[in-house]
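Enquirer: What follows is a predicted protein model with its sequence.
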Amino acid sequence: MTRLTVWHDGGCPLCRREIALMRRLDRRGAIDFVDASNSEASCPIDRSAMLARFHAREGDRMLSGAAAFAAMWRAIPLLRPLGLAARNPVVLAGLERVYRAFLHVRPRLQSAVRKMDRTA
């Protein structure tokens, strides 16, 4: 199986929660998770671009957005069917549209989660 590297924004409370869940689900240790917000982390492209969108490297292919999520899902047995479904171009295009819509509301969601974390 091809090793997968996933770059995430460790400064984002949403991302931290999601990556924590993915780490728990990645029982085989098939994914290398890299916090792109850490200035010590190696980033194959511009760090600000890495933080603006979700990125993954599957073999020698660099992926972003929904394609990167799909690659991560394929590496986790429980989520593999979703990742395989995303190999269909129509499904992947739909997921990318949803992901782009999410990016527009992400700042508001981050603020809401930060507020929840402070009151908890």
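Expert: Alright, I've got the coordinates.

Enquirer: all contacts plus neighbour counts: C-alpha atoms, from now on.
Expert: Fine.

Enquirer: Helices of this protein, start to end?
Expert: In chain order, the chain shows helices spanning 13-25, 47-52, 66-75, 80-85, 89-119, with DSSP state H as the criterion.

Enquirer: now the third one against helix 13-25, angle please.
Expert: Going back to what we said before, that points to helix 66-75. Orientation of helix 66-75 against helix 13-25 (axes from the mean of the first three to the mean of the last three Cα atoms, to 10 degrees) gives an angle of 30 degrees.

Enquirer: Now helix 66-75: buried residues?
Expert: When burial is assessed from 16 or more other Cα atoms under 10 Å, helix 66-75 yields the following buried residues: A66, A67, A68, F69, A70, A71, M72, W73, R74, A75.

Enquirer: sorry, back to before: can you say which of the helices of the chain is packed in most?
Expert: helix 66-75 (a mean of 23; mean count of other Cα atoms under 10 Å).

Enquirer: could you say what helices and strands that one packs with?
Expert: The elements that helix 66-75 packs onto, with contact taken as 3 or more Cα pairs under 8 Å, 6 or more residues apart in numbering; DSSP states H and E, are strand 4-8, strand 55-58, helix 80-85, helix 89-119.
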